[in-house]
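Enquirer: Structure for the following, please:
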Amino acid sequence: MAKKAMEKGFKLILGSQSMARKQILAEMGYDFTIVTADIDEKAIRKEKPEDLVVAIAEAKANEIILKLGGESQFAQDCQPTLLITSDTVVVYKGVIREKPTSKEEAREFIKGYSGSHGGVVGSVLVRNLKTGVRRGGWDKAEVYFHEIPEHVIDDLIDNSLTMFCSSRGF
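Expert: Have a look, this model is predicted:
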């Protein structure tokens, strides 16, 4: 039986195109609306990946709120509206990696991970549009890879999964 966010006392907006994030909420049984941010993530620069993912999640939330007409329109709603935004980056050999911009770059990234490891830093921001309260944070994990066979790399590239992966290549 699906849990409807409205029945739980809130509306839910997912500010992401990530298949994984959509799947998590759907598997939990929540109804939600998807509204995406049209921001230039490459224009947001931070030295530390932890600061970068938080800044991008906040920028996404701010842009979505503007797209929806501003927070003030939610103040009089009977039920709160929760907006969830997030971001994830890969750190490989001390360098923050962006989403690959070509199949060649995606292949280079995957080959680099083969038999190696890299870090994944992710953030989540939840904003109550009725009250303005926001909570968020970041976490990181180290990912270790076995050797990745060429045919697996070819399949990943041919399916274009790496071009849209929210974890920028992992």
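Enquirer: Which strands or helices does whichever helix or strand Val143 is part of pack on?
Expert: In this structure, Val143 sits in strand 134-144 according to DSSP states H and E. Applying 3 or more Cβ pairs under 8 Å, 6 or more residues apart in numbering; DSSP states H and E, one finds that strand 134-144 contacts helix 49-67, strand 117-128. To be clear about C-beta, it is placed using only N, CA and C from the backbone, and glycine gets the same treatment.
Enquirer: could you give the angle of it to helix 49-67?
Expert: Here strand 134-144 runs at an angle of 140 degrees relative to helix 49-67 (axes from the mean of the first three to the mean of the last three Cα atoms, to 10 degrees).
Enquirer: And the contacts of strand 134-144?
Expert: Residues outside strand 134-144 that contact it (Cβ atoms under 8 Å, 6 or more residues apart in numbering): 49-50, 53-54, 57-58, 61, 113, 116-128, 170.
Enquirer: what comes up buried for it?
Expert: Buried residues in strand 134-144, counted by 16 or more other Cβ atoms under 10 Å: Gly136, Trp138.
Enquirer: can you map out the strands along the protein?
Expert: Using DSSP state E, the strands of the chain run over 11-14, 33-34, 81-92, 95-97, 117-128, 134-144.
Enquirer: partner strands of the fourth one, parallel or antiparallel?
Expert: Pointing back at strand 95-97 there. strand 81-92 (antiparallel) (DSSP bridges).
Enquirer: ok, back up a step: as CSV, could you dump the C-alpha coordinates of the strand holding Val143?
Expert: Provided in CSV are the C-alpha atoms of strand 134-144 (Å, rounded to 0.1, in the frame of the first residue of the first chain):
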residue,chain,number,x,y,z
ARG,A,134,16.0,23.7,6.3
ARG,A,135,18.2,20.9,7.4
GLY,A,136,21.0,19.2,5.5
GLY,A,137,24.3,17.7,5.6
TRP,A,138,26.9,15.7,3.7
ASP,A,139,28.6,12.3,3.9
LYS,A,140,31.4,10.6,2.2
ALA,A,141,32.5,7.1,1.3
GLU,A,142,35.5,5.4,-0.3
VAL,A,143,34.7,3.1,-3.2
TYR,A,144,37.1,0.3,-4.2
